[in-house]
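Asks: need a 3D model of the sequence below.
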Amino acid sequence: MHKFGEVVLAKVQYTDTFEVKKRPALVLFEEQGNVVVAGITSNLKMKGVPIYKKEGSIKDSIIKLNYIFTISEKMVEKILFLISEEKKKMVKAELIRRIE
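Replies: Next up is the predicted model:
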């Protein structure tokens with residue numbers, strides 16, 4: 001069972017093509033075998049919550065809270081690292097800000 005705060009390597013289908021690639025993603029929650037995740041990009045020009053190499057990321061990156069999708073738990077290849085409690089709070093606050 002995956003938990004909020006895990007950064008995972010997952011097979012992701014892009015929205016504009018049928019191409020599937022392995023990409024990092026932040027787990028928001030899992031329910032009944034479905035994992036809801038936020039995409040992560042190394043394009044630092046994107047908006048979102050930053051995560052850095054010193055926090056466990058392979059590269060300085062951005063958690064893209066405008067790119068949320070559901071994948072099967074079978075699409076998760078492995079857990080890469082966990083974000084800190086401080087980053088979890090930032091993600092929650094940003095998600096709430098966007099839906100209010």
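Asks: kindly format the C-alpha coordinates of stretch 45-59 as PDB.
Replies: Taking C-alpha atoms only, stretch 45-59 is exported to PDB below (Å, rounded to 0.1, in the frame of the first residue of the first chain):
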ATOM      1  CA  LYS A  45      10.500  26.700 -15.000                       C
ATOM      2  CA  MET A  46       7.300  24.800 -14.200                       C
ATOM      3  CA  LYS A  47       5.000  25.800 -11.300                       C
ATOM      4  CA  GLY A  48       4.700  23.600  -8.200                       C
ATOM      5  CA  VAL A  49       6.500  22.500  -5.100                       C
ATOM      6  CA  PRO A  50      10.300  22.200  -5.500                       C
ATOM      7  CA  ILE A  51      12.200  19.200  -4.300                       C
ATOM      8  CA  TYR A  52      16.000  19.100  -4.300                       C
ATOM      9  CA  LYS A  53      18.900  16.700  -4.700                       C
ATOM     10  CA  LYS A  54      19.700  17.100  -1.000                       C
ATOM     11  CA  GLU A  55      16.200  15.900  -0.200                       C
ATOM     12  CA  GLY A  56      16.700  12.600  -2.100                       C
ATOM     13  CA  SER A  57      15.700  13.600  -5.700                       C
ATOM     14  CA  ILE A  58      18.000  12.600  -8.500                       C
ATOM     15  CA  LYS A  59      17.800  16.200  -9.800                       C
END
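Asks: and the contacts of that stretch?
Replies: The set of residues that contact stretch 45-59 without belonging to it, under CB atoms under 8 Å, 6 or more residues apart in numbering, is 7, 24, 38, 40-42, 44, 60-66, 80-84, 87, 90-91, 94. C-beta: built from backbone N, CA, C; applies to glycine.
Asks: once you drop chain neighbours, what's closest to Val49?
Replies: Distances taken as CB to CB, 6 or more residues apart in numbering put Ile63 closest to Val49, at 4.4 Å, once the chain neighbours are dropped.
Asks: for the one you found, give its distance to Val12.
Replies: Separation of Ile63 from Val12 (CB to CB, to the nearest Å) stands at 14 Å.
Asks: what do you get for Ile62?
Replies: With distances taken as CB to CB, Ile62 is found 16 Å from Val12.
Asks: no more questions from me, cheers.
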